[in-house]
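*Asks:* Could you work out the structure for the sequence below:
(chains A and B)
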There are 2 protein chains.
Amino acid sequence: MHLPNSIKKLADQLSELPSIGPRQAIRLIFYFLNQGQGFIGGLAKDIDDLKKLKICEQCFFIHQEVEGVCEICSNPKRDQGIILIVEKETDLLSLENTGKYQGRYFVLGDIPRTGALLDWQRKRLDQLKLFIKKELDGQAKEIIFGVNPTSVGDFHASILNKELAGLAKKTSRLGRGLPTGGEIEFADDETLGASLDRRN
Amino acid sequence: MHLPNSIKKLADQLSELPSIGPRQAIRLIFYFLNQGQGFIGGLAKDIDDLKKLKICEQCFFIHQEVEGVCEICSNPKRDQGIILIVEKETDLLSLENTGKYQGRYFVLGDIPRTGALLDWQRKRLDQLKLFIKKELDGQAKEIIFGVNPTSVGDFHASILNKELAGLAKKTSRLGRGLPTGGEIEFADDETLGASLDRRN
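*Replies:* The predicted structure follows:
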């Protein structure tokens, strides 16, 4: 079927997006078309508006403040000496949504599986070290490695631990154990083992 | 978490799309942001470009031709007297991709479950009737009701049959039976029954 070029081009783009395949891409496009020109123009504009967002100079999360630092980094009520390092922005959102954390964050981006940090990640990390030296007198109260509880996560935590050696009074990782609402019977050995090791 | 308004607005829009939920919407937005400004601008433009597409005056499928009629409706090699009515544009694409059909199409849009056609669907149907009267001397060679092989589809086919009574020498539906590559053992009763009724 000879589809119009504009559809083909957009379908190619959409099917590159995470968890969207070629079929869903086409389905989405016809959905857009059936919603009409106003919808299409609105969606295009809203996507384009993302360009206006800024990235916080300290934690590298997005923000829309006028100044260079986001609302968490500039909040005097939060403990700026405690730093939670996450890979994904969505991890930050999930953690922040718990309402349990009162420190600051640092978004490093996905660490490659090999563990070799990319250039821009190295630059971010340098910025973090500089921040700790200048603003926290050389040592953070605590650095939390907010990586996934997997063997890859363990590896990444060890890399970060080495990178930031001596820059924190204490380092930690997110607790492991039984997920709330889970059942002991169905927990895997690793999880159950962790729940015994860290019983409290 | 106080997310920037532009993200909230776009997330609301994206999570209304078929098979995209609120979580995936946020994930997509951060994916866009991590791809950078060039990607965001390009995606926005490609979506906006969909506005330039036209709808064929005869079959109501989208097209990018200069004239008012799409390449299938204006193709003299296709049998313009055989009309396959589909609800979704994606159904048309799937059928056309088989390479087995040499007639023309007619896109009616999703028929509401109640069976009561919407105003714009009625207008499309009126246009089809007019086409049959003017271009096909009052009778199509065949009208194929390309609705799903479900009880809702049966109902919709009966509505279309009534609407277009007398306007075709023959009406038909897509064949039912065992799907190619399927196994008899796992086929449901209805499908197996249809495969016996329509054995050939």
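*Asks:* now for the longest helix along chain A, which elements pack on it?
*Replies:* The longest helix of chain A (DSSP state H) is helix A:119-135. Using 3 or more C-beta pairs under 8 Å, 6 or more residues apart in numbering or on different chains; DSSP states H and E as the contact test, the elements touching helix A:119-135 are strand A:79-86, strand A:103-107. Just so you know, the C-beta spots here come from the backbone N, C-alpha and C atoms, and that holds for glycine as well.
*Asks:* out of everything not next to it in sequence, what's closest to A:Gly177?
*Replies:* A:Ser195 (4.1 Å; C-beta to C-beta, 6 or more residues apart in numbering or on different chains).
*Asks:* now do A:Lys141
*Replies:* A:Gly81 is the one closest to A:Lys141 (C-beta to C-beta, 6+ apart), at 4.0 Å.
*Asks:* That neighbour and A:Leu136 touch, don't they?
*Replies:* Yes - using C-beta atoms under 8 Å, A:Gly81 is in contact with A:Leu136, at 5.5 Å.
*Asks:* Quick check: buried residues in stretch A:105-117?
*Replies:* Within stretch A:105-117, the residues that qualify as buried by neighbour count (16 or more other C-beta atoms under 10 Å in any protein chain shown) are A:Tyr105, A:Phe106, A:Val107, A:Leu108, A:Gly109, A:Ile111, A:Leu117.
*Asks:* residues in contact with the helix or strand of chain A with the lowest mean pLDDT?
*Replies:* None of the helices or strands of chain A scores lower by mean pLDDT, DSSP states H and E than helix A:189-197, at a mean of 85. The contact list for helix A:189-197 (C-beta atoms under 8 Å, 6 or more residues apart in numbering or on different chains) reads A:Pro149, A:Arg176, A:Gly177, A:Leu178, A:Pro179, A:Ile184, A:Ala187.
*Asks:* Buried ones only from those, please, as a PyMOL command.
*Replies:* Buried residues within those, by 16+ other C-beta under 10 Å, are selected in PyMOL with:
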select buried, chain A and resi 177+187
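*Asks:* Which one of the contacts of helix A:189-197 is nearest to B:Gly42?
*Replies:* Nearest to B:Gly42 among those is A:Pro149, at 36.7 Å by C-beta to C-beta.
*Asks:* Can you classify A:Gly99 by secondary structure?
*Replies:* coil (DSSP: H, G, I helix; E, B strand; the rest coil).
*Asks:* before we move on, back to that, identify each buried residue in the least confident helix or strand of chain A, please.
*Replies:* Here helix A:189-197 shows A:Thr191, A:Ala194, A:Ser195 as buried, counting by 16+ other C-beta under 10 Å.
*Asks:* for stretch A:116-132, same thing?
*Replies:* Under 16+ other C-beta under 10 Å, the buried positions of stretch A:116-132 are A:Leu117, A:Gln121, A:Arg124, A:Leu125, A:Leu128, A:Phe131, A:Ile132.
*Asks:* Domains in chain A, by residue range?
*Replies:* What automatic domain parsing lists as the domains of chain A is A:5-52, A:55-173.
*Asks:* now the ones you listed as JSON lines including mean pLDDT and distance to B:Val86?
*Replies:* As requested, the domains of chain A are exported to JSON lines (pLDDT from 0 to 100; distance: least, C-beta to C-beta, whole Å):
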{"stretch": "domain A:5-52", "mean pLDDT": "95", "distance to B:Val86": "12"}
{"stretch": "domain A:55-173", "mean pLDDT": "93", "distance to B:Val86": "38"}
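*Asks:* can I get those in CSV with distance to B:Ser6?
*Replies:* As requested, the domains of chain A are exported to CSV (distance: least, C-beta to C-beta, whole Å):
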stretch, distance to B:Ser6
domain A:5-52, 5
domain A:55-173, 7
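*Asks:* quick revisit: adding distance to A:Thr98, write the buried residues of helix A:189-197 out as JSON lines.
*Replies:* Conversion of these to JSON lines gives the following (distance: C-beta to C-beta, whole Å):
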{"residue": "A:Thr191", "distance to A:Thr98": "19"}
{"residue": "A:Ala194", "distance to A:Thr98": "19"}
{"residue": "A:Ser195", "distance to A:Thr98": "19"}
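*Asks:* Can you identify each of the helices in chain A by residue range?
*Replies:* So, for chain A - with DSSP H - the helices run A:5-14, A:22-35, A:37-49, A:89-97, A:119-135, A:151-163, A:189-197.
*Asks:* residues contacting the residue nearest to A:Ser6 when sequence neighbours are not counted?
*Replies:* Among residues not flanking A:Ser6 along the chain, B:Asp49 sits closest, at 4.6 Å (C-beta to C-beta, 6+ apart). With contact set as C-beta under 8 Å, 6+ apart, B:Asp49 has these partners: A:Ser6, A:Lys9, A:Leu10.
*Asks:* Find the centremost residue of chain A, please.
*Replies:* A:Lys88 (1.7 Å; C-alpha atoms, centre = their mean).
*Asks:* Ramachandran coordinates for it?
*Replies:* Main-chain dihedrals, A:Lys88, degrees, to the nearest 10: phi -100, psi 150.
*Asks:* Wait, it touches A:Asp110, no?
*Replies:* Yes - with contact defined as C-beta under 8 Å, A:Lys88 reaches A:Asp110; the gap is 6.7 Å.
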